Structures are given as C-alpha cells and as structure tokens.
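*Asks:* Quick one: sequence and predicted model below, then my questions.
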Number of protein chains: 2
Amino acid sequence: MTKEDLLKVHEQIKPYVHNTPVLTSQLINKMCNADLFFKCENFQKMGAFKMRGATNAILNLSKEEKEKGVVTHSSGNFAQALALAAKSVGVKAYIAMPENAPQVKKDAVSGYGGIITECGVTATEREAAAQKIQEETGAVYLHPSNNDDVIHGQGTAAMELIEEHPDLDFLFIPVGGGGLIAGSLLAVNAFAKKCKVIGGEPKHTDDAFRSLKSGKIEFNSKTNTIADGLRMHLGDRNFPIIKEYIEKIVLVEEEEIIEAMKLIWERMKIVIEPSSAVAFAALLKSKDTIENKKIGVIISGGNVDVSNLPF
Amino acid sequence: MTKEDLLKVHEQIKPYVHNTPVLTSQLINKMCNADLFFKCENFQKMGAFKMRGATNAILNLSKEEKEKGVVTHSSGNFAQALALAAKSVGVKAYIAMPENAPQVKKDAVSGYGGIITECGVTATEREAAAQKIQEETGAVYLHPSNNDDVIHGQGTAAMELIEEHPDLDFLFIPVGGGGLIAGSLLAVNAFAKKCKVIGGEPKHTDDAFRSLKSGKIEFNSKTNTIADGLRMHLGDRNFPIIKEYIEKIVLVEEEEIIEAMKLIWERMKIVIEPSSAVAFAALLKSKDTIENKKIGVIISGGNVDVSNLPF
C-alpha cells in the first residue's frame, strides 16, 4: 500500500467515522518518564476501531454486492461495527451470533439494524451458519480481521495519530486477530518510518508471539484471557505484514491487563475495554525502552459491561 | 459581577487549569430528543471543577497571605484542589482531613504537596482543627463553596461552555454546597441571559430545594446520598445568587443517580462521579421541558473508586 492508497482509504471512510481525540495524562507521563499520546478509539462510533475496517470493506463492494448485503459471524465488536457500517451505507448486514452471546450485545447489533441469526457456539457451527446465510442471500462474507479492506480501514486510526504527532518513537497496539496491528504497520511504514511498532498480547493467547518465532501462523489451544477482543489467531492476509514490519510483541499477564485498565480508568477518566489495556500494559512493562521517548498508544475500544468489572 | 470581572477571573486562572472538552453523544441526543453538550470537568486537573475556584482564591491572596499559605478542612475534591492549586502557585496548603478519610484520598492530597493534619470526623472537630492550624500558621482559611473568589472561579466552566455554545436553552448543574451553581448562574446571567439554569439535587440531601421554598438556608439532617460531593448545605455567599437567578431545582432519587451514571459510563465511555450524574439524572426527568432544545450539562468530576461501584 502506497501513501496515496492509504490516503484514499481514509478519505473514503471519513464521512462515516469519527476522527477520535488524542488524550494525554501528565500523571501517566510522569509515571512512565515519557510523552504518551493515547488515540482514543473507545470514542469511535459503536465504541471501537472496528467501525473503520467494516466501513471500508463495505464501501469497496460493487453495486451488485451492496444490493445483496454482507454477512459475518461474531459475538463481539465486529458484529456491531458491521451492522452500523452497513446501516450508514444503506446495505443489509446478516450476523450469525452464538446463542450464548450476551443479550446486551444482541440488542446492540439489532439496534444498529443488523439481522441476527442465532447459531451454535463452536467455530465450526458459527462458520456453517454464516456460510448458510451467504448461500441463501448471496451476501458477501467479511472476515473481522483477515481481509485486506478491513486491514486498510483499521490502519486509519494510526494514520490520524501520526498526522497529529508525526515524530513518534514507538507505537503500542494490542494484537488479536491481527487486523488492527497489520493496518497500523502499513500506516507507520508509509507515514512514520522511524516509528517502531510494539504489539501487546495476552500471555494466555500468545499465538502471534509464537507465530513470529516459528514463522507460520500458530493457534491458541485456550482462549481464557479477560481481553475478549484478542482471542482470535492471525490470518494469511495480515500475518505477512506483521512479520515484515513489527518490532516485537510483549506478552502480558492477566493481572497486568487489569492493573493497566484500572490505571487508565482512574487517572484518565475514560472507560476502556480490557483488550485496549493490553497495549498499555505492554508499555508499562517496557519502561527502559520508552524512557524520554514520544509514544503512541491505540486505545482500541470501550465496550465493556460496567456491571461486571474485574476490579 | 460584570462580564469584565468574570473575564478577568478566567484570564487569571487560565494558565493553571484545563479548558476541558465538550462532548456529545448521538445516542443520548436521540434518547432525549434534544441536543446535549457535556462540559467534562472530569478531565479537569485533579479530576474536578474545584480546581478552578481553589486557583482563583489563591491567586487573589495578597503577597503576605500567600507567604503564610492556605488552610481548609475537607475529605473530598476540594482538599485535592486546594493542594494542587497551592502547589501550582507556590503556596503552602494545610488540609485538615477526618481520620476516617480513605487512604487513597489522603495519598492524593499529599501527592499534590498538601500538608495533612488528621482530625475528628464531626463538622465541629473538623472546623476546630482548621482553626487551630490557622492560628498556629497564619494561613488563610478557604471555604470550599461559600467564598466569593471560589464561586467566581467555579463559574469559568460554564463560561467556557457558553463561549463554545452561546445559544443554550438550558444548563443543568449539580447542587451541593452551592459554589458551582452560584458561579455558573453569574456566568449565565452575564453571557447567556436567555439560558435557564436547572439544578439537580439528591432527594436525600434536598437542603437547597427547601431553601428556595422557605427563602432561608436550610440544612440536611441526613447526608446518606451516594453523591458524596453534594452533601453540604448552601451558604450566605452563594444562596442569594442562587435565589435570584435559578429557574428551579429538580430532585432525584438514588436509583436515578446510579442509572444516569451508568448510562454515561456505558454510552459516552467516560468515568464520572455520582455527583456529576445528578445533573444528568435531573435532565432525564425533565424530558418534556428539554425536547428539541439545546442543553448544556456540567459533568462536575470523575474522582470515583472504580473498585467500589454502585452497579
């Protein structure tokens, strides 16, 4: 992707997404002995960066494809993002949601106009349900993270951050399915070559960390991390980008995620989800690296059940 | 206070406080069928609007007074505000804090350089402790809400909101000791005469509501509201201003405060304290009044123990 390609992506999705604010905290700067800039995608429409990639993917469909709609299977932010992005563009969104998905998430998806089909909870059952919808409706299947248009859309958060702060030394990003970090790496490579990108990943789902070591896509045998947005493994579209451009991945313990999340809530007065705290937790573990540097952190989202907090 | 007087106050404290952001939420606008503008003093230094009044009061001291320092008794936001404001200006702050005040609040005050004296928990014991410090040090006693300079400083939050949105129909503000609402009323009277100011007050501590009815300062026999910043009664400096300019006070139940707080956290992704939610709860109870209007809401602060939430 050239600079021009990425700028075109940004131009295209601009009317549908927020240019989210970049917040700072003197207290956290002092604590880290560095200048931190938090790109707050928790303030994005539907509460997460996923709105960017979903919008870009839908806008890139042909007229015929748009008429038939889009389909995905998800119980999380991508379901909401696809539903809202589709609604904004005037396209139907079919979402296969596992029957055990929380009612609040189902309500959010149908509130955005998504057409929900309940399905089983295993990956196989979910994929089968999405495929059935696809066959019946002709809707285009969109993967939450392993899709070029999605990846490029997700990269626009980093682009906006770099536009405001072109001289970052490091950028910390959470690593889940790989869409956000791959898109961000493309943006950094195009617009801020000197900036090094460090991924934060939960130790309990360290597939990306192991993938970088082995050189091939690894999987998680368990997904028991509180960072529910980061349980997916990488895919063949994003892994090559990650492998080429990433500086490293820092693994973080569950307690470190919770501590980092609490620190942001209490000190910055913003609501962030555990997945967002993973990047900041990785930063807190890298104090020697970041001292006196200018650091970006992508706060990926803020969709969290405030009645059910880990602290 | 003339426009010029108020502008001078703002000019004076500007270097020491944040011009906090004004946030909006499409979803909450839709829910209320009105245009809402939230002035976010939870993002103020030390996490609450009290920084404004404390700073103004300290800056207005004479050189001799500044040398001797300031003293107050408080277990809440004003203790932190006075400590930080004094530190910014280079003045000593003595704070009498009840011995049962949470350690986290004591740590915050001493972290800002405040000199803490522990005292008993009753109003009499607290006042006696502050008076003793005053006698020993010559420090100037500053009341958290019943002091002209404090009142004028607190009014600058509304001034900034009006500067951005000069055509508000209503402004909702929490009512506690009366400093914030009195200052805001002066600002509205000077800069946005058409805007009506509605106070929100917990039903459990409805002293201001009763004071408006009786025409004299009333007191609370109990202070058992979750809105811990609103347990104080009005004073002789702020009550006359409130009586003259306020449209009305809307009383809210404890459950309404908690619901309003949860709504803001979940939908706007910001951390606000229960006292801040009282103004928004009053607004939610006034849907007929506000329909299709342009409404300001002052989010007074965000200092809350996230490990101990009411939801």
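*Replies:* Right, received. Where do you want to start?

*Asks:* only C-alpha atoms for contact and neighbour calcs from this point on.
*Replies:* Noted.

*Asks:* Check the gap between A:Asn238 and A:Ala81 for me.
*Replies:* Plainly put, A:Asn238 is 19 Å away from A:Ala81 if you go by CA to CA, to the nearest Å.

*Asks:* do A:Gly53 as well
*Replies:* Distance from A:Gly53 to A:Ala81, counting by CA to CA: 9 Å.

*Asks:* More neighbours: which of the two?
*Replies:* More neighbours surround A:Gly53 than the other of A:Gly53 and A:Ala81, with 31 against 27 (other CA atoms under 10 Å in any protein chain shown).

*Asks:* correct me, but the more buried one touches A:Asp149?
*Replies:* Yes - between A:Gly53 and A:Asp149 there is a contact under CA atoms under 8 Å: 6.6 Å.

*Asks:* And A:Asn189, how far from A:Gly183?
*Replies:* Distance of A:Asn189 to A:Gly183, given as CA to CA: 10 Å.

*Asks:* Can you tell me what sits against the lengthiest helix in chain A?
*Replies:* Longest helix of chain A, by residue count under DSSP state H: helix A:148-164. The contact list for helix A:148-164 (CA atoms under 8 Å, 6 or more residues apart in numbering or on different chains) reads A:6, A:9-10, A:13, A:19, A:22, A:39, A:41, A:49-50, A:52-57, A:60, A:143-145, A:168, A:179-188, A:191-192, A:237-238, A:296, A:298.

*Asks:* Could you list the contact residues of the stretch 151-300 of chain A toward chain B?
*Replies:* Contact residues (CA under 8 Å from any CA of the partner chain) of the stretch 151-300 of chain A with chain B: A:Lys262, A:Trp265, A:Glu266, A:Met268, A:Lys269, A:Ile270, A:Val271, A:Ile272.

*Asks:* So for those residues, which is the shakiest by pLDDT?
*Replies:* Within the set of those, pLDDT is lowest for A:Glu266 (94).

*Asks:* That residue - how many residues pack around it?
*Replies:* A:Glu266: 18 neighbours (other CA under 10 Å).

*Asks:* what do you get for A:Gln44?
*Replies:* If you count neighbours by other CA under 10 Å, A:Gln44 ends up with 22.

*Asks:* Check the gap between the residue lying closest to it once chain neighbours are set aside and B:Glu135 for me.
*Replies:* Once flanking residues are discounted, A:Gln44 sits nearest to A:His18: 5.7 Å by CA to CA, 6 or more residues apart in numbering or on different chains. With distances taken as CA to CA, A:His18 is found 56 Å from B:Glu135.

*Asks:* which of those two has more neighbours?
*Replies:* When neighbours are counted by other CA under 10 Å, A:His18 and B:Glu135 differ, and A:His18 comes out ahead with 16 against 11.

*Asks:* helices and strands around the very next helix or strand once past the longest helix of chain A, which ones?
*Replies:* The first helix or strand that comes after helix A:148-164 along the chain, using DSSP states H and E, is strand A:170-174. Contact here means 3 or more CA pairs under 8 Å, 6 or more residues apart in numbering or on different chains; DSSP states H and E; on that basis strand A:170-174 packs against helix A:179-191, strand A:196-202, helix A:274-284, strand A:294-299.

*Asks:* between those, which gets nearest to B:Cys119?
*Replies:* Set against B:Cys119 and scored by CA to CA, the helices and strands packed on strand A:170-174 come closest in helix A:274-284, at 37.6 Å.

*Asks:* and A:Ile246, how many neighbours?
*Replies:* Neighbour count for A:Ile246, taken as other CA under 10 Å: 18.

*Asks:* ditto for A:Gln80
*Replies:* Per other CA under 10 Å, the neighbour tally for A:Gln80 reads 31.

*Asks:* avg pLDDT for the longest helix of chain A?
*Replies:* Averaged over helix A:148-164, pLDDT sits at 98.

*Asks:* and the angle for that helix with strand A:170-174?
*Replies:* With axes from the mean of the first three to the mean of the last three CA atoms, to 10 degrees as the basis, helix A:148-164 and strand A:170-174 are set at 140 degrees to each other.

*Asks:* Read off the pLDDT value for the spatially most central residue of chain A.
*Replies:* Centroid-nearest residue in chain A, with CA atoms, centre = their mean: A:Leu180, separated by 4.5 Å. Predicted confidence (pLDDT) for A:Leu180: 98.

*Asks:* Quick check: nearest residue in space to it, chain neighbours excluded?
*Replies:* Nearest non-adjacent residue to A:Leu180 (CA to CA, 6+ apart): A:Gln154, at 5.2 Å.

*Asks:* swap in A:Gly199?
*Replies:* Leaving aside its chain neighbours, A:Gly199 sits nearest to A:Ile249 (4.5 Å; criterion: CA to CA, 6+ apart).

*Asks:* From A:Met97, how far off is the one you found?
*Replies:* For A:Ile249, the distance to A:Met97 - CA to CA - is 31 Å.

*Asks:* Repeat that for A:Gly47.
*Replies:* 19 Å.

*Asks:* again with A:Phe239
*Replies:* A:Phe239 is 26 Å from A:Met97, where distance means CA to CA.

*Asks:* The two: who's more crowded?
*Replies:* A:Met97 (27 against 23).

*Asks:* The host helix or strand of the more buried one: what's the following helix or strand?
*Replies:* Following DSSP H and E, one finds A:Met97 within strand A:93-98. Going down the chain from strand A:93-98, the next helix or strand is helix A:103-111, by DSSP H and E.

*Asks:* quick one: contacts of the lowest-mean-pLDDT helix or strand in chain A?
*Replies:* Scoring the helices and strands of chain A by mean pLDDT, DSSP states H and E places helix A:103-111 at the bottom, with a mean of 89. For helix A:103-111, the external contacting residues (CA under 8 Å, 6+ apart) are A:Ser75, A:Gly76, A:Ala79, A:Gln80, A:Ala83, A:Leu84, A:Met97, A:Ile115, A:Ile116.
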